[in-house]
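Chemist: return a 3D structure for these sequence lines:
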Amino acid sequence: MEGSANSKNVSNYEMLAQYYDELLQDEEALSLWLKYIEKEDFKTVLELASGSGVMASILKDKGYDVTASDISNEMKEASKKNFDGEYLILNMIDYDLHKKYDLILCICDSINYLYEDELDSFFRCAYKHLNENGRLIFDMHNLKRLEEFREQYIEEGYVDSVPYQWTIMSDEYENTINEHFTFYTDEGMIQEHHSQNVFDPEMIQEKMKDLFKTEIIEDFVEDEKLLIVGYKK
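Modeler: Prediction:
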């Protein structure tokens, strides 16, 4: 693909935010998450890493009292086309909202952006913000994804008439999945890199055990996603 001679690298979601729904929206997974959430009697929801606000909007339309959040200002801006409720800028390993919720939700493999030594803070913050008998529900990559992307995946196309290339490749030594996006804009080539850590579910369960009783649904999305449910102790 061709672009101008100019090239720059940007931080996570600085460029991708405006094309997130077109490139990354997973309708099948959204329906699975929603089906699982609706089994329980939740009223108040804090969604972490809400991204473009699609799930927050769905839940709000269904009558839930939803607070959305993300660390990215660009994603908050992009969410305005989907969600018209409260949307906070916060770091999901360090926040204090002086409020508690029935459900804390973190979907789309967002926990995989954390490093292992940040997980304890993630779980403690969630525990602190849950009502008695509250739930923490999140999904994460299946370990099988490391093998799936051993060979580089390449996708090319157009989004809003902008040519792009998207590559995914795993690093089985580092246990990471690395995604690289290149957009060929009129102003030049813009590149954005995302690296996600893939965790052993047994390690996750061990880290949660003092705060939560855990349920792991390994076939939530077959060979792709695990669903973890933490029941506040």
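Chemist: and the most centrally placed residue in the chain, what's its pLDDT?
Modeler: Central residue of the chain (Cα atoms, centre = their mean): residue 110, 2.7 Å from the mean position. We note a pLDDT of 96 for residue 110 in this prediction.
Chemist: contacting residues for it?
Modeler: Contacts of residue 110 were listed using Cβ atoms under 8 Å, 6 or more residues apart in numbering, and they are 48-49, 51, 92, 138. For glycine as for every other residue, the C-beta is placed from the backbone atoms N, C-alpha and C.
Chemist: so which elements touch the longest strand along the chain?
Modeler: Scanning the chain for the strand with the most residues, using DSSP state E, yields strand 130-141. Other elements packing on strand 130-141 under the criterion 3 or more Cβ pairs under 8 Å, 6 or more residues apart in numbering; DSSP states H and E are helix 27-37, strand 101-106, helix 119-128, strand 212-221, strand 225-232.
Chemist: sec struct for residue 97, please.
Modeler: Assigned by DSSP: H, G, I helix; E, B strand; the rest coil, the conformation of residue 97 is coil.
Chemist: burial count for the nearest residue to it once chain neighbours are set aside?
Modeler: Among residues not flanking residue 97 along the chain, residue 129 sits closest, at 6.2 Å (Cβ to Cβ, 6 or more residues apart in numbering). One way to gauge burial is a neighbour count; for residue 129, by other Cβ atoms under 10 Å, it gives 19.
Chemist: likewise for residue 8?
Modeler: Other residues within reach of residue 8, judged by other Cβ under 10 Å, total 12.
Chemist: now it. Nearest residue, chain neighbours left out?
Modeler: Leaving aside its sequence neighbours, residue 8 sits nearest to residue 190 (Cβ to Cβ, 6+ apart; 6.0 Å).
Chemist: burial count for the one you found?
Modeler: Residue 190 has 21 neighbouring residues, counting by other Cβ under 10 Å.
Chemist: name the helix or strand for it, please.
Modeler: Assigned by DSSP states H and E, residue 190 falls within strand 188-197.
Chemist: can you list contacts of the worst-scoring helix or strand of the chain on mean pLDDT?
Modeler: Across the helices and strands of the chain, mean pLDDT, DSSP states H and E gives its lowest value to strand 7-10, namely a mean of 76. Contacts to strand 7-10, defined as Cβ under 8 Å, 6+ apart, come from residues 188-193.
Chemist: where does this protein dip in pLDDT?
Modeler: Low-confidence segments of the chain (pLDDT under 70): 1-5, 10.
Chemist: which residues does residue 36 contact?
Modeler: Shown in contact with residue 36 (Cβ under 8 Å, 6+ apart): 137, 227.
Chemist: kindly recompute the last result at 10 Å.
Modeler: The contact partners of residue 36, by Cβ atoms under 10 Å, 6 or more residues apart in numbering, come to 137, 139, 217, 220, 227, 229.
Chemist: no further queries at this time; thank you.
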